[in-house]
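Q: please find the sequence and the predicted model below.
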Protein chains: 2
Amino acid sequence: MPKKNYSDLQVSFGAHLQKIRLSKGLSLRALATRCDLDDSKISKIENGKLNVQLSTIVELAKGLDINPKDLLDFG
Amino acid sequence: MPKKNYSDLQVSFGAHLQKIRLSKGLSLRALATRCDLDDSKISKIENGKLNVQLSTIVELAKGLDINPKDLLDFG
């Protein structure tokens, strides 16, 4: 069975993440300092390049001070 | 920086997934047939062994006929 392509999903998640980050007035670096992720990884996620793991979703939510499920409230 | 341990998170997610699956009266195999995952992987997830990816969360939600964010409504 061919591996499914989740790039649309990754792009939607990344755009949603960026929208929330900007709505909180946080730079990539500011968000990175609030969670256990570096800014280059967050940038890749926002550009739809990564199929993030559960732990990353939870770290991002911690940095944004929101509930992890809010990061899946898109699409 | 030592790699953080997310096993508690994985166990909580797995238990939550199992609770929803059972509440819908679905066996592992039945759920597997409804989404692009095999039952052994779902079993590992339910036992907290895997740090699932975004695409897996979306596939599980499709199989359970729920919104992906409901799978993060735990803890």
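A: Arrived safely, thanks for sending. Fair warning: this is a prediction, and the values are worked out from it, not measured in the lab.

Q: now for the spatially most central residue of chain A: which residues touch it?
A: For chain A, A:Leu17 is the residue whose C-alpha lies nearest the centre (CA atoms, centre = their mean; 4.6 Å). By CB atoms under 8 Å, 6 or more residues apart in numbering or on different chains, A:Leu17 lies in contact with A:Ile42, A:Ile45, A:Glu46, A:Leu60, A:Leu71. Bear in mind the C-beta positions are built from the backbone N, C-alpha and C, glycine included.

Q: tell me which element it is part of?
A: Assessed by DSSP states H and E, A:Leu17 sits inside helix A:7-23.

Q: by contact count, what packs against the very next helix or strand once past that helix?
A: Scanning forward in sequence from helix A:7-23 by DSSP H and E, the next helix or strand is helix A:28-34. Helices and strands touching helix A:28-34, by 3 or more CB pairs under 8 Å, 6 or more residues apart in numbering or on different chains; DSSP states H and E, are helix A:39-46, helix A:54-64.

Q: which parts of chain A sit against chain B?
A: A:1, A:4, A:6, A:9-10, A:13, A:36, A:51-55, A:57-58, A:67-73 (CB under 8 Å from any CB of the partner chain).
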